[in-house]
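**Q** Pasted the sequence and its predicted model underneath.
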Amino acid sequence: MTLRRTLLYAVLALLTAVFVVPLLWMLLTSLKSYPDAQRIPPTWLPDPFSGYGYSKILSPGSQNPVLRWFLNSMLAATLQTLLILATASMAAYALARLRFAGRGVTFGLIVATLFVPPAALMLPNFLISDTLGWLDTLAVLVVPGAASAFGVFFLRQFFLSLPRELEEAAVLDGANQWQVFTRVVLPLSRPALATLAVLSFLTNWNDFLWPVFVLFSPDRLTLPPGLGLLQGSYNTDFPVIMAGAVLASVPVLILFVLAQRHVIQGCPAAA
């Protein structure tokens, strides 16, 4: 037992190092000066510690509006997450609890869309967005992905695991279907909703290809494509790039820390 536990801890320590070391390198590099970051062989600790990278991307006179990109990403990811939670929860509840003709076929078609490569949908979504006049606006980052097939599937499986007796008791107390959904089902589904919120936020936050495809103004870019502009044509300013990467990582880490308890509770239940 002791040997098995030692091996388990060793594997966990190795996996921790695999994930933590790149983040630590990113953070330390963002605190280096430009000459220090170009040093060969590279060093771990900055000598001296410098805020050069952050001052360059956050200064008001910066050529790259990183703060504007950050706000664009935050707004787009938050709005799309809220829309996904609203649409997916209502569709999932209808497919899990309501009886109507074609329910099984409808659910099968929704699940089937999960097998369609996202790249195959880019051109149709682009044409629809162009027709609606959404190109180079916030709406093009939020609305096209607001109907999540994965979210419907995920929440439906969770709703099926909830005891029907609670909903039947609410109906006996005079609650209608909407009240049962909002006052009984949704409060019990907080772990699943938190898990879906984190996954949806991450998907939008890290999206690179779609914003490049539909945004044309530099000040309307989100962080992933915007940080790509920090890469020079003939040289690489590593402190600046790593400072931008740290800035992009902070909201994700905060979100996961705040929601990790619900995420851990939601995954086994959904499975």
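**A** The structure has been received and is ready for your questions. Residues are numbered from 1 along each chain as shown.
**Q** how deep is residue 83 tucked in, by neighbour count?
**A** Residues lying near residue 83 (other CB atoms under 10 Å) number 17. Any C-beta I mention is one placed from the backbone N, CA and C, and that applies to glycine too.
**Q** if I look at it, how far off is residue 140?
**A** Taking CB to CB, to the nearest Å as the measure, residue 83 and residue 140 are separated by 13 Å.
**Q** cool, residue 212 as well?
**A** 12 Å.
**Q** Tell me which of these two has more neighbours.
**A** Under the criterion of other CB under 10 Å, the comparison of residue 212 against residue 140 puts residue 140 first, with 24 against 14.
**Q** residues touching the closest residue to the more buried one other than its chain neighbours, list them.
**A** Leaving aside its sequence neighbours, residue 140 sits nearest to residue 134 (CB to CB, 6 or more residues apart in numbering; 4.2 Å). By CB atoms under 8 Å, 6 or more residues apart in numbering, the contact set of residue 134 is 140, 143, 214.
**Q** quick one: which of these is nearest residue 119?
**A** Distance to residue 119, by CB to CB, is smallest for residue 214 among the contacts of residue 134, at 13.9 Å.
**Q** residue contacts, the closest one?
**A** So residue 214 contacts 126, 129, 134-136, 140-141 (CB under 8 Å, 6+ apart).
**Q** Below-threshold pLDDT in the stretch 51-200 of the chain: ranges please.
**A** 61 (pLDDT under 70).
**Q** Report how many residues lie close to the closest residue to residue 79 other than its chain neighbours.
**A** Of all residues not flanking residue 79 in the chain, residue 142 sits nearest, at 4.7 Å (CB to CB, 6+ apart). Neighbour count for residue 142, taken as other CB under 10 Å: 21.
**Q** Centroid-nearest residue for this structure?
**A** residue 202 (1.1 Å; CA atoms, centre = their mean).
**Q** For that one, which residues are in contact?
**A** Residue 202 neighbours (CB under 8 Å, 6+ apart): residue 252.
**Q** that older thread, between the contacts of residue 134, which is closest to residue 22?
**A** Among the contacts of residue 134, and counting by CB to CB, the member closest to residue 22 is residue 214, at 30.1 Å.
**Q** any chance you could read off phi and psi for the closest one?
**A** phi -120, psi -10 (degrees, to the nearest 10).
**Q** how close does it sit to residue 71?
**A** For residue 214 relative to residue 71 (CB to CB), the value is 18 Å.
**Q** go on, residue 197?
**A** 20 Å.
**Q** Compare neighbour counts for these two and give me the winner.
**A** For residue 197 versus residue 71, the count of surrounding residues by other CB under 10 Å is larger for residue 197: 21 against 13.
**Q** one step back: just the buried subset of the contacts of residue 214, written out for ChimeraX, thanks.
**A** The buried residues among the contacts of residue 214 can be selected in ChimeraX (16 or more other CB atoms under 10 Å) with this line:
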select :126,129,134,140,141
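**Q** need the contacts of residue 214 in a markdown table with secondary structure and distance to residue 101, can you?
**A** A markdown table is the format used below for the contacts of residue 214 (DSSP: H, G, I helix; E, B strand; the rest coil; distance: CB to CB, whole Å):
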| residue | secondary structure | distance to residue 101 |
| --- | --- | --- |
| 126 | helix | 35 |
| 129 | helix | 33 |
| 134 | coil | 34 |
| 135 | coil | 38 |
| 136 | coil | 42 |
| 140 | helix | 35 |
| 141 | helix | 36 |
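**Q** Of the contacts of residue 214, just say which sits nearest to residue 186.
**A** After measuring the contacts of residue 214 against residue 186 - CB to CB - the closest member comes out as residue 141, at 26.2 Å.
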